[in-house]
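J.: task: produce atomic coordinates for the following.
(4 chains)
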4 protein chains.
Amino acid sequence: MAGSTFGTLFRITTWGESHGRGIGVVIDGCPAGLSLQTEDIQVFLNRRKPGQSRYTTARQEADTVEILSGVFERKTTGTPISLVVFNKDQRSRDYSDIVSCYRPGHADYTFDQKYGFRDYRGGGRSSGRETIGRVAAGAVASKILGELGITVTAYTRSIGEISCSSENMELSRISSSPLYMPDAEAEERALLFLEECLTNQTSCGGVVECVVRHLPAGIGEPVFDKLDANLGKALFSIGAVKGVEIGDGMAAAKAFGHENNDQYTLENGKPVKAANHAGGVLGGISDGSDLLVRAAFKPTPSIARPQTALFQNGSCGEIRIHGRHDPIIVPRAVVVVEAMTALTVVDLMMQNMSATMGSIRKVYGMPEQN
Amino acid sequence: MAGSTFGTLFRITTWGESHGRGIGVVIDGCPAGLSLQTEDIQVFLNRRKPGQSRYTTARQEADTVEILSGVFERKTTGTPISLVVFNKDQRSRDYSDIVSCYRPGHADYTFDQKYGFRDYRGGGRSSGRETIGRVAAGAVASKILGELGITVTAYTRSIGEISCSSENMELSRISSSPLYMPDAEAEERALLFLEECLTNQTSCGGVVECVVRHLPAGIGEPVFDKLDANLGKALFSIGAVKGVEIGDGMAAAKAFGHENNDQYTLENGKPVKAANHAGGVLGGISDGSDLLVRAAFKPTPSIARPQTALFQNGSCGEIRIHGRHDPIIVPRAVVVVEAMTALTVVDLMMQNMSATMGSIRKVYGMPEQN
Amino acid sequence: MAGSTFGTLFRITTWGESHGRGIGVVIDGCPAGLSLQTEDIQVFLNRRKPGQSRYTTARQEADTVEILSGVFERKTTGTPISLVVFNKDQRSRDYSDIVSCYRPGHADYTFDQKYGFRDYRGGGRSSGRETIGRVAAGAVASKILGELGITVTAYTRSIGEISCSSENMELSRISSSPLYMPDAEAEERALLFLEECLTNQTSCGGVVECVVRHLPAGIGEPVFDKLDANLGKALFSIGAVKGVEIGDGMAAAKAFGHENNDQYTLENGKPVKAANHAGGVLGGISDGSDLLVRAAFKPTPSIARPQTALFQNGSCGEIRIHGRHDPIIVPRAVVVVEAMTALTVVDLMMQNMSATMGSIRKVYGMPEQN
Amino acid sequence: MAGSTFGTLFRITTWGESHGRGIGVVIDGCPAGLSLQTEDIQVFLNRRKPGQSRYTTARQEADTVEILSGVFERKTTGTPISLVVFNKDQRSRDYSDIVSCYRPGHADYTFDQKYGFRDYRGGGRSSGRETIGRVAAGAVASKILGELGITVTAYTRSIGEISCSSENMELSRISSSPLYMPDAEAEERALLFLEECLTNQTSCGGVVECVVRHLPAGIGEPVFDKLDANLGKALFSIGAVKGVEIGDGMAAAKAFGHENNDQYTLENGKPVKAANHAGGVLGGISDGSDLLVRAAFKPTPSIARPQTALFQNGSCGEIRIHGRHDPIIVPRAVVVVEAMTALTVVDLMMQNMSATMGSIRKVYGMPEQN
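T.: I've put the predicted structure just below:
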């Protein structure tokens, strides 16, 4: 059981349901002495807030974070940081259409099979609102990385068949883009495409990409806790993710060895990697170049179009899902991917601290020996 | 640190280097009362053995497994099962070309960066031989699943651009195929393609697919320990994997919601899923249909063609990798993917046992209550 | 780092400081289908509430628990249960005497050494209020055990030199006793003794004992996760505990083998253990008889008497601790010991569920084989 | 399940049974760059070897350790260190008297209850030989501590009622003492007492004490992973331990606050602790003074005297345990206590490395800020 905890040394535990009292996270293992205020976290939460554009849900929630513990005189104390966003929109409504129906593409059926019943209000624990805890914790992880000079940046790489071209990408435009797309031209087409999806009462999928810069070499533990393995788990743990890629990803399966190997070249007399097909990881350990990951999101399962669903009583029949739903998950998922990446990297950087006798001596102030 | 342990309740810890004394695994948490003999494990190891075809390395090792503990009178006792394969091929050779060179696509550089030095003999801990421990443990996991009527079957889905077509796939032919490909026609083309790779002194990548049948619904823990998240970690932890997909995988990002949702239909008056785009998982929990995963492997990094590499002294220059190397990793990785999948599934099935008060009462023999 | 999480399958994470926003706990891995209401938890919290007698602090706090998640229609859903007690008594006061002083017997110095600074208000994270989360979670664990017919009962075994005699113990009187002592005569003397401690501006220690009844045999994992090892950790994790005993405890070191071994005898023709020196555990696994543990608590470190303390600037000098403090920790710690014991037992009972192929088959509905 | 793994960052997994192929341990998370040879470990194993005096079993085993992985060119590589001691004494003998009998004080009954059957040869996994893995791993942990200037020293504090007096203790004599007792006079009496036990066909218990010197302040994680809590688990996980004490231990329960608080005094103008009742731990964190722990061992359960035991068929009757057995466990357990203490301390020192932003910056070479 369990399953709501992520990380070994920088460890988060999330809780909360879509229509319960609130959504929260406890961060255990945050180092002491990090300056931290509510605003540091709120800016991250604002990026996943609904109502950012007409393609994201209208539910107008403030999603205001509160720090309940672990911070004293604006600095982290080393003790657990408890963060909570109380649910404002808990108005009781009529769930009779969902109670006995397993919506296609949702976790209704599987929760019932696992637990014998479920909190059906707004998806309960399987709602997208569960990611609030991850994003809040990810903000803290990003702050730590920032202090070490490391940046984590996620963005929408593609929507449906429309993909940003590598040449047109300007990461500086992400924050001002309604779809968090770094390619203006692709975004324009994507907006039209989403309009079509709405007209057709359907939804679409897309890909989020994330790049980590200035990560030192040596991060990641061999064998099972490889940097890419932990990232794989982190990204697949986001609802709706169906594929994850590192570096060239699936395309590596179609490449030749002499193309795929990252050879070296001299740049200003200094040896540098001539390419980064590996995406910054070799043998599960960072190599000092940019870390590059991608996650493919399936289309939003809630669509206006009538569908044939299974009912609790064993029959099946047509259902219509009411209410307004995002035609795409991706833009709001961008900050979630960024958060999960930051959490993974911080945790492995902490684990790496005891990799050598040298760094143990460094921390405990012993003279360097042989 | 650490990193050589996988699983929570069914937990394995692997050890060993390519040219050390041997390779081994300790399985802790295997239930008592499973009948287990050396042969059960050896058949799995034989599938990853080199020398199966001319496209896999010539190193002729017996790779004979020994059970050192945890089995008494041919049954598991519930205590740790220690398995070892002693290395036969430890002949000392000249490593002078590798010692000071970081081979492209290998973990030489990253191990040195992490630990300050490395066991350079045959790749040390980052060698493919490390997977022996996983496969041995996977054999035990598969045996448990088999007793519960669950099958795990992996095979080569594609090699380079050559992919098995869904129509031609016969899973029954896998075991007799030198490339573990279920499509005879695709295999024929693949064999020619591999010949070309050898001629061109290069290597190629490919995709391994794995299907789990008769898995009960309800397996997988919500949020971070989702069935797909743990599988993602399991598969990305295999060296050379650059992409992982569940169900439709990356293609889901290009699909529409009305296509991608698995709707229901009546078959002989019984409601059944009309498709399995989800690959058997919703909300991180199995839905009772086939579980389908894929892993993309990069081309073998060791190629005969000269390459430009970084040296330990900071310079770079041309190197040639001597010896005979597989032009492809995939065929030998098939059983590794199968093993990691079985290990993941068994562990989550055990974790799921305490999901409800009902199953706790069942195990502790209490009368059913409300 | 980390350190605020306890348990593997039934896993709790606590957070909060004495004078922060509140104290809370997240329970992850509670089985679905347990009927649970606020009152079930509140009755446990009331037992550790200050102001129960004149020997416990006057701080009048309601300590009202709120359930923020994980319960739906009065039943646990299998998802994380977030419990919180908001601090009412956060009145800002003058801490200038504590800020720069390391009080003897408190964790002031060690927190500063570890983290570089500390939340000095009321002891911060090292305050006794931290146990609120444990007790709230322990109430849930006890409810589960209760449904399985298992009872966990803690009480004050001794205060200073005054110990309950085995003959006079009536467990039924614990709940009505101000000191939670089962021996009325001993309690009378203890009350006089505590009066003396107050007069002498000092404090005293004592022992809490806990008995678990109707625990099935077979609970506890061999080697490191022995039932007694996990209990040892659980009890030593309570601030102020300096010794833990199982069964005969320290006295076993002075016993002879023929006395200490629990031999069998016939009772009504049925073999029963003639004694329980082992305290219900052999080889780290429960043997089906009563589980008996004891924890020794040191005297309350805050005493009115002047003491010589170390100051942050490296000097030392006399300090006086103001305010009213309990002359003894023990009565309020009784429910904490009970909670930690219940948490340990529930977690190991869940872990034990996959100990044999037989119980796996039972849960997954497979026919018994072999 | 599981249970054979100890530690978070410095993590050991033991395996093996008394009369199986061997006993071993895998150490995962040992820092790279520690010089390590077989002899470093063998000297520890020799201290637990039987046949040291006439009061320990006659089974003459070499117990020779082999390093199977993780060491290259006499230095640890950062990858798992696999250590094994193959069992030499596996001569098949007649176990018919044990197979169907649950010996008093042994884990025969509880293993059968948990797993349905057991490896009855020499106690199987519950044999004292299981500690070989702990001691081998403890030797490595001690080596790391030694490089940091920290010493861990265990010795026999008491045997039966005979206790070393604080005044007479000379730690230097431990290694040459057959009973590992630092008080020569007490040892003399203890030897006579053990003679009596043998004559009386019984056994006796005793106490092992362990002191850690030069441990920096700040080690131990608040709340559940307190230094004393993890030590408590470590020591209670040793078979036969029935009580554990830190500092004054159980006696603290009888003390007054003004006595038990460690006040400060000036020594050569420098403030020092006037006493160490706390045993070096406050709030679960080391305070920089000597860490002092004690473990009480019950008498050896195997005694020559006839006993009444339970049989597998539900009857009970007299049994006689044949063969020669130690009349006391303590002398051979001294090194086990030392090993478990070293393992606990090393693991928490590694966990403490990420306690502050300052030490993270130190390891990753960032300039000190803020």
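
J.: so what's the closest residue to residue A:152 other than its chain neighbours up against?
T.: Take residue A:152 and drop its neighbours on the chain: the residue closest to it by Cβ to Cβ, 6 or more residues apart in numbering or on different chains is residue A:342, 4.7 Å away. Backbone N, C-alpha and C define where each C-beta goes, glycine included. Residues near residue A:342 by Cβ atoms under 8 Å, 6 or more residues apart in numbering or on different chains: A:138, A:141-142, A:145, A:152.

J.: who's in contact with residue A:20?
T.: Residue A:20 neighbours (Cβ under 8 Å, 6+ apart): A:87, A:90, A:119, A:121, C:68-69.

J.: ok, it to chain D distance?
T.: Distance from residue A:20 to chain D, counting by Cβ to the nearest Cβ, to the nearest Å: 26 Å.

J.: what's the answer for residue A:140, then?
T.: Distance of residue A:140 to chain D, given as Cβ to the nearest Cβ: 12 Å.

J.: wait, is that residue part of a helix?
T.: Yes - with DSSP: H, G, I helix; E, B strand; the rest coil as the criterion, residue A:140 is part of a helix.

J.: between the contacts of residue A:342, which sits nearest chain B?
T.: Nearest to chain B, judged by Cβ to the nearest Cβ, of these is residue A:138 at 13.2 Å.

J.: can you pull the contacts of that closest one?
T.: A:44, A:335-336, A:338-343.

J.: who wins for most neighbours among those residues?
T.: When neighbours are counted by other Cβ atoms under 10 Å in any protein chain shown, residue A:340 leads the contacts of residue A:138 with 33 neighbours.

J.: the nearest residue in space to it that is not next to it in sequence: neighbouring residues, count only.
T.: Nearest residue to residue A:340 in three dimensions, chain neighbours excluded: residue A:234, at 4.1 Å (Cβ to Cβ, 6+ apart). Residues near residue A:234, counting by other Cβ under 10 Å, number 29.

J.: contacting residues around residue A:110?
T.: Contacts of residue A:110 (Cβ under 8 Å, 6+ apart): B:217-218, B:220, B:281-283, B:285-287.

J.: list, out of these, those positioned next to chain D.
T.: Residues of the contacts of residue A:110 in contact with chain D (Cβ under 8 Å from any Cβ of the partner chain): none.

J.: okay, and which of those map to strands?
T.: B:281-282, B:285-286 (DSSP state E).

J.: need these in JSON lines (columns: neighbour count and distance to residue D:18).
T.: Formatted as JSON lines, those follow (neighbours: other Cβ atoms under 10 Å in any protein chain shown; distance: Cβ to Cβ, whole Å):
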{"residue": "B:281", "neighbour count": "28", "distance to residue D:18": "44"}
{"residue": "B:282", "neighbour count": "30", "distance to residue D:18": "48"}
{"residue": "B:285", "neighbour count": "29", "distance to residue D:18": "42"}
{"residue": "B:286", "neighbour count": "27", "distance to residue D:18": "41"}
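
J.: which one of those residues is nearest residue A:32?
T.: Comparing the ones in strands among the contacts of residue A:110 against residue A:32 with Cβ to Cβ places residue B:285 closest, at 37.7 Å.

J.: next one: the closest one relative to residue A:239, how far apart?
T.: 11 Å (Cβ to Cβ, to the nearest Å).

J.: residues shared between the contacts of those two?
T.: With Cβ under 8 Å, 6+ apart as the test, residue B:285 and residue A:239 both reach residue A:107.

J.: burial measure for residue A:294, as a count.
T.: 24.

J.: surely it meets residue A:156?
T.: No - Residue A:294 lies out of contact with residue A:156 (Cβ atoms under 8 Å); the separation is 10.9 Å.

J.: can I assume the residue nearest to residue A:152 sits in a helix?
T.: Yes - the assignment for residue A:342 by three-state DSSP puts it in a helix.

J.: I'd like the mean pLDDT over stretch A:131-141, please.
T.: Mean pLDDT, stretch A:131-141: 98.

J.: what's the answer for stretch A:6-21, then?
T.: The model assigns stretch A:6-21 a mean pLDDT of 96.

J.: distance of residue A:233 relative to residue C:162?
T.: 55 Å.

J.: who has more neighbours, those two?
T.: Taking neighbours as other Cβ under 10 Å, residue A:233 and residue C:162 compare with residue A:233 leading, 26 against 22.

J.: ok, and the closest non-adjacent residue to the more buried one?
T.: residue B:233 (3.6 Å).

J.: of the contacts of residue A:342, which is the nearest to residue C:8?
T.: Nearest to residue C:8 among the contacts of residue A:342, counting by Cβ to Cβ, is residue A:141 at 24.6 Å.

J.: who's in contact with the closest one?
T.: A:10, A:339, A:342-343, A:345-346.

J.: repeat the analysis, applying 7 Å as the threshold.
T.: A:10, A:342-343, A:346 (Cβ atoms under 7 Å, 6 or more residues apart in numbering or on different chains).
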